[in-house]
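**Student:** kindly generate the corresponding structure for this input.
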Amino acid sequence: MMRPFTNHNHMNTLKSIAIASLMAVSALPAFAQQQPKANSSGGNSPHETTGTVIGDRRTGCRVTVTYGRPYAKDRKIWGSLVPYGSAWRLGADEATLLITQQPLAFGDTKIPAGAYTLYMVPDENGTSKLAFSSKLGGWGIPVDTAHDVARVDLKKDALDNKVEQLTFAIAKEGAGGVIKISWENTQFSAPFTVEK
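**Tutor:** Numbering: from 1, shown residues only. Here you go, the predicted structure:
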């Protein structure tokens with residue numbers, strides 16, 4: 001006949017195992033999100049979330065971008081794989097997602113706090129645009145331009161070293177921040193400030 005389980009040390013051990021199991025299971029979706037996914041060309045485009053806190057670490061504004069990172073694979077990117085003058089998904093697979101905890105100001109253009117799909121309209125000789133769309137959760141193509149919240153100017157710079165994979169960075173700059181998009185031999189950037 002089994003005796004009732006009353007040892008408190010054993011109960012604490014079982015609780016610890018249960019908590020550790022729950023933590024491991026809850027981490028699986030985040031781990032799965034980081035795994036490479038096949039893109040439409042049959043290759044792999046790893047997915048990444050990047051971001052930072054602009055301002056004070058505890059009270060500042062966290063800005064993050066989640067996106068698929070296609071490889072150049074010896075292809076010409078700007079003006080070929082990514083045509084000039086057309087809306088481009090700005091990543092691979094699912095639409096690129098930006099989340100900001102507080103409103104952002106790109107010059108005179110204000111972006112309310114919240115989540116947005118990002119896409120880009122590259123221009124060969126003029127000013128390329130970064131677009132914020134309120135339509136969330138879709139595949140990256142076709143690009144939905146009907147739900148634009150705003151489009152902001154991107155500064156274009158040549159890079160000395162080739163960037164093989166599309167790369168986003170959110171960095172602190174002065175009293176605000178900057179979104180940087182690098183691929184092939186080009187970097188696009190858009191500085192912003194955080195609104196209260």
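
**Student:** residue ranges for the strands of the protein, please.
**Tutor:** Assigned by DSSP state E, the strands in the chain fall at 37-38, 44-45, 47-54, 61-68, 96-100, 104-106, 109-111, 114-121, 128-133, 148-173, 176-194.

**Student:** for the fourth one, buried residues please.
**Tutor:** Along strand 61-68, the positions that meet the burial threshold by neighbour count (16 or more other CB atoms under 10 Å) are 61, 63, 64, 65, 66, 67, 68. Where C-beta positions appear, they are placed from N, C-alpha and C, glycine not excepted.

**Student:** still on that earlier bit, could you dump the strands of the chain to JSON lines with mean pLDDT and distance to residue 87?
**Tutor:** Shown next, in JSON lines, are those (pLDDT from 0 to 100; distance: least, CB to CB, whole Å):
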{"stretch": "strand 37-38", "mean pLDDT": "40", "distance to residue 87": "22"}
{"stretch": "strand 44-45", "mean pLDDT": "76", "distance to residue 87": "19"}
{"stretch": "strand 47-54", "mean pLDDT": "96", "distance to residue 87": "21"}
{"stretch": "strand 61-68", "mean pLDDT": "97", "distance to residue 87": "16"}
{"stretch": "strand 96-100", "mean pLDDT": "98", "distance to residue 87": "12"}
{"stretch": "strand 104-106", "mean pLDDT": "98", "distance to residue 87": "18"}
{"stretch": "strand 109-111", "mean pLDDT": "98", "distance to residue 87": "18"}
{"stretch": "strand 114-121", "mean pLDDT": "98", "distance to residue 87": "5"}
{"stretch": "strand 128-133", "mean pLDDT": "98", "distance to residue 87": "7"}
{"stretch": "strand 148-173", "mean pLDDT": "97", "distance to residue 87": "10"}
{"stretch": "strand 176-194", "mean pLDDT": "97", "distance to residue 87": "15"}
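
**Student:** so which of these is nearest residue 76?
**Tutor:** With distances scored as CB to CB, the stretch of those nearest to residue 76 is strand 176-194 (7.6 Å).

**Student:** what angle separates that closest one from strand 47-54?
**Tutor:** 70 degrees (axes from the mean of the first three to the mean of the last three CA atoms, to 10 degrees).

**Student:** tell me what strand 176-194 is packed against?
**Tutor:** With contacts defined as 3 or more CB pairs under 8 Å, 6 or more residues apart in numbering; DSSP states H and E, the packing partners of strand 176-194 are strand 47-54, strand 61-68, strand 104-106, strand 128-133, strand 148-173.

**Student:** against which helices or strands is the longest one packed?
**Tutor:** The contact analysis (3+ CB pairs under 8 Å, 6+ apart) places strand 148-173 against strand 47-54, strand 61-68, strand 104-106, strand 109-111, strand 114-121, strand 128-133, strand 176-194.

**Student:** no further questions, thank you.
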